[in-house]
Structure formats: structure tokens, C-alpha cells
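A.B. asks: Sequence and predicted model, in that order:
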Amino acid sequence: MKQFEDFVETLDSKKRLEIASKANDDFQKGRESVERKDIHQEIAGTSFYMSLRLLEEYHQWLNK
């Protein structure tokens, strides 16, 4: 069985930047429909999409 620590080791700076960029793009698309935009929404939205992108990456890694 694969170890989580091995997955974490795959997250070099290039991969983290790629994931963060995709998460930011996802968030920006989603926030277009929100009238009120504030820093709390920015933080929560970016965190949410970053989590989803990390889960996606982890799932792909597990299935390799």
C-alpha cells in the first residue's frame, strides 16, 4: 500500500504552483456569480479549491 508521505514528497515547488494556479482559476470562475467579494471569501474559496485539486492529485497518484 502506498504511503501518504510518499505522495507529499511528490509535491515539489513546481507541482504546488501548478495546483495553486488551477485552484485559483477554479475559484475565479466560481466567484463571478457572487455579488459581494471580500477577503474572507477569497481565503475560503481558494482553500476549498486547493483542497479539491490536492484530492484530485492524490487520487491520480494512488491509481498509478
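C.D. replies: Sure, I can see it.
A.B. asks: which residues of the protein fall in helices?
C.D. replies: 4-9, 13-31, 39-62 (DSSP state H).
A.B. asks: Can I get those in TSV including mean neighbour count and mean pLDDT?
C.D. replies: C-beta coordinates here come from the backbone N, C-alpha and C atoms, glycine included. Converted to TSV, the helices of the chain look like this (neighbours: other Cβ atoms under 10 Å; pLDDT from 0 to 100):
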stretch	mean neighbour count	mean pLDDT
helix 4-9	10	96
helix 13-31	13	90
helix 39-62	14	92
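A.B. asks: residues touching Glu23, list them.
C.D. replies: For residue 23 the amino acid is Ala, not Glu. 46, 49-50, 52-53 (Cβ atoms under 8 Å, 6 or more residues apart in numbering).
A.B. asks: tell me which of these is nearest to Lys22?
C.D. replies: Arg53 (5.3 Å; Cβ to Cβ).
A.B. asks: returning to what we had before: save the contacts of Ala23 as CSV, and put in distance to Lys22 too.
C.D. replies: Output for those, formatted as CSV (distance: Cβ to Cβ, whole Å):
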residue, distance to Lys22
Thr46, 11
Tyr49, 8
Met50, 9
Leu52, 9
Arg53, 5
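A.B. asks: which of the residues you listed lies closest to Asp12?
C.D. replies: Nearest to Asp12 out of these is Arg53 (Cβ to Cβ; 15.3 Å).
A.B. asks: Cool, thanks, talk later.
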